[in-house]
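>>> need coordinates for the following:
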Amino acid sequence: KPLNVTGKGLTAELVELITPHPARTPPVCNVFTGVNGCGGCSLQHMSEKAYQDLKLEQLRSVFDKAGLGDNILTATKFAPPVWTQMAGRRRARLSYQRTSQALITGFTGRATHFIYPLESCGVLQAELKQLVTQLNSWAAPHLPIGQSGQIAVNLLSSGADILLLPDETLTDEVLAALSAALGSLPVCRLCVRQPSSNIPLQLAERAPPILQLDRTAGGLKLYPQPGSFLQASREAETALIQAVLKAAAARTDRLQTGRPLKVIDLYCGVGTFTLPLLGSGAIVTGYEADRSAVDSLLEAARIATYGSTCSAHCRDLVAAPLRVEEFYSAKGEPEFDLILLDPPRQGAANQTAQLAALVDWLRMDKPDSKPDTVPDIVMVSCNPHTAVRDVAVLVASGWQLEEVQMIDQFVRTTHTEIVARLVFGGSIKAGR
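Coordinates of the predicted model:
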């Protein structure tokens, strides 16, 4: 039954399934009902093979349309994809509505404010799903009727980190009651960000909020701020870190200088990649727009005894990307051996343009420089479309797409995470 015409095409409601496709399977979640269902998953109805084939084909199409295909998905340059487990999601932003009868919590549906319960959700970690069911009995007695908003939950190593995001200001009495009622909930910290403020207010801290990385990714500890961005799953986080460390090791092996690798981490966040790079022996400079994330990163580096090899700066790289001259050393040569970018979904178009200009500057002022002086680039992206757009600019400037790896972090959705490694393979001679 057709419903709406959108910029992406026609939306419709499934009225009757006459003949199921051979690759169709029953969805795990009982609120997965096409257009009217939960707004999270969109591919639960496919067999495992059909699902994986579709995601690989989608990625191949993105590269082909940008002229970067060259059979990359079948060539040795394409690293084997990482398929993460379905029930691995450790963060969630729930919607809530307090009615006269109950507190309703869950995910909103597609293009609607209707809230679907999460009892059968197939993507949340078991610990997170269990906590979500406990939140109702915790908050229901204290939230006023008519109150609505969101609850952001990050599952850390030391417990759940909860940030309340009410649509209307909660009184001090309500906040005190919520804090006192935590009881045996596995919560390390409870905060609220009132609608009139951008700064979270801490209501309770029962354990230090710590996120310990997997041992295979260095095992170091991060100290996220309330509501901090985290990779969706621990398994995907570990795979991403390992891909970045592999790229750093490849750059070190090729340089053979005997000195620590110099890395610049753009959009560094709380240090998901910075800390493991420091642990590998690199000297890392980070840039991030969120001041609280920068402070967390510096504290984590200090505690891990890497304070002397880590620096971090607060800067909005979308509005103010690093300029060409900021990549130079005092000797007028590229300051860094490796540039890591992990931008938001919108990509890093402005910053990529400055990196392309770096090569142009070398061709004009340092035409005798060796290609190895041009830094490698690693791009981590949750949006292959904007990543390929930015990669195409870099390839046009002389970098070669050395390796691409898909990491299926957003399981049973059309979203895909990729890591792309680029090595400069052009000439620095003027006019080349």
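>>> ok, the helix or strand of the chain at the bottom of the mean pLDDT ranking: who's next to it in the sheet?
Within the chain, judged by mean pLDDT, DSSP states H and E, the helix or strand with the poorest mean is strand 9-12; its value is a mean of 80. Its sheet considered, strand 9-12 pairs with strand 2-6 (antiparallel) by DSSP bridges.
>>> pLDDT (mean, whole number) over the partner strand?
Strand 2-6 carries an average pLDDT of 83.
>>> now swap in stretch 179-193 and tell me
Across stretch 179-193, pLDDT averages out at 97.
>>> same question for stretch 336-348.
For stretch 336-348, mean pLDDT is 97.
>>> likewise for stretch 398-406?
If you average the pLDDT over stretch 398-406, you get 93.
>>> list of residues touching it?
Outside of stretch 398-406, the residues within contact range by CB atoms under 8 Å, 6 or more residues apart in numbering are 55-56, 59, 63, 68, 72, 77-82, 243, 247, 359, 374, 377, 391, 395, 416-427. Backbone N, C-alpha and C define where each C-beta goes, glycine included.
>>> okay, buried residues for it please.
G398, W399, L401, E402, E403, V404, Q405, M406 (16 or more other CB atoms under 10 Å).
>>> for those, which one is nearest A152?
Ranking those by separation from A152, with CB to CB as the measure, puts M406 on top at 27.3 Å.
>>> flag the shaky bits of the protein, pLDDT-wise.
Within the chain, the stretches falling below the threshold (pLDDT under 70) are 33-36, 69-76, 330, 366-369, 428-432.
>>> could I get the full set of helices for it?
Shown for the chain, the helices assigned by DSSP state H span residues 48-65, 126-139, 172-180, 234-255, 274-279, 291-303, 349-365, 384-396.
>>> return the most buried member of these.
Greatest average neighbour count among the helices of the chain goes to helix 274-279 (a mean of 25), per mean count of other CB atoms under 10 Å.
>>> which strands and helices sit next to it?
helix 234-255, strand 262-266, strand 283-288, helix 291-303, strand 310-314 (3 or more CB pairs under 8 Å, 6 or more residues apart in numbering; DSSP states H and E).
>>> if we go to 6 Å?
Other helices and strands packing on helix 274-279, by 3 or more CB pairs under 6 Å, 6 or more residues apart in numbering; DSSP states H and E, are strand 283-288.
>>> other SSEs contacting the strand it packs on?
Going by 3+ CB pairs under 6 Å, 6+ apart, strand 283-288 lies up against strand 262-266, helix 274-279, strand 310-314.
>>> in CSV: those, plus distance to Q351.
CSV is the format used below for these (distance: least, CB to CB, whole Å):
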stretch, distance to Q351
strand 262-266, 6
helix 274-279, 17
strand 310-314, 14
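>>> which of these sits closest to I162?
Distance to I162, taken as CB to CB, is lowest for helix 274-279 among these, at 24.1 Å.
>>> follow-up on the earlier one: of the contacts of stretch 398-406, which belong to strands?
Secondary structure assignment by DSSP state E places V82, I377, E417, I418, V419, A420, R421, L422, V423, F424 of the contacts of stretch 398-406 in strands.
>>> who's in contact with the fourth one?
Going back to what we said before, that points to I418. S381, P384, M406 (CB atoms under 6 Å, 6 or more residues apart in numbering).
>>> okay, the residue nearest to the first one when sequence neighbours are not counted and R60: tell me how far apart.
Here the nearest residue to S381 in space, its sequence neighbours aside, is A387; by CB to CB, 6 or more residues apart in numbering that works out to 3.5 Å. Relative to R60, A387 is positioned 14 Å away (criterion: CB to CB, to the nearest Å).
>>> and for A217?
Relative to R60, A217 is positioned 28 Å away (CB to CB).
>>> cool, L143 as well?
48 Å.
>>> also M364?
For M364, the distance to R60 (CB to CB) stands at 37 Å.
>>> R421 now?
Plainly put, R421 is 18 Å away from R60 if you go by CB to CB.
>>> give me the beta-bridge partners of D408?
Using DSSP bridges, the bridge partners assigned to D408 are W83.
>>> number of nearby residues for it?
Around D408 there are 24 other residues, counting by other CB atoms under 10 Å.
>>> does it touch P80 like I think?
No: contact criterion CB atoms under 6 Å: D408 and P80 do not qualify, at 11.6 Å.
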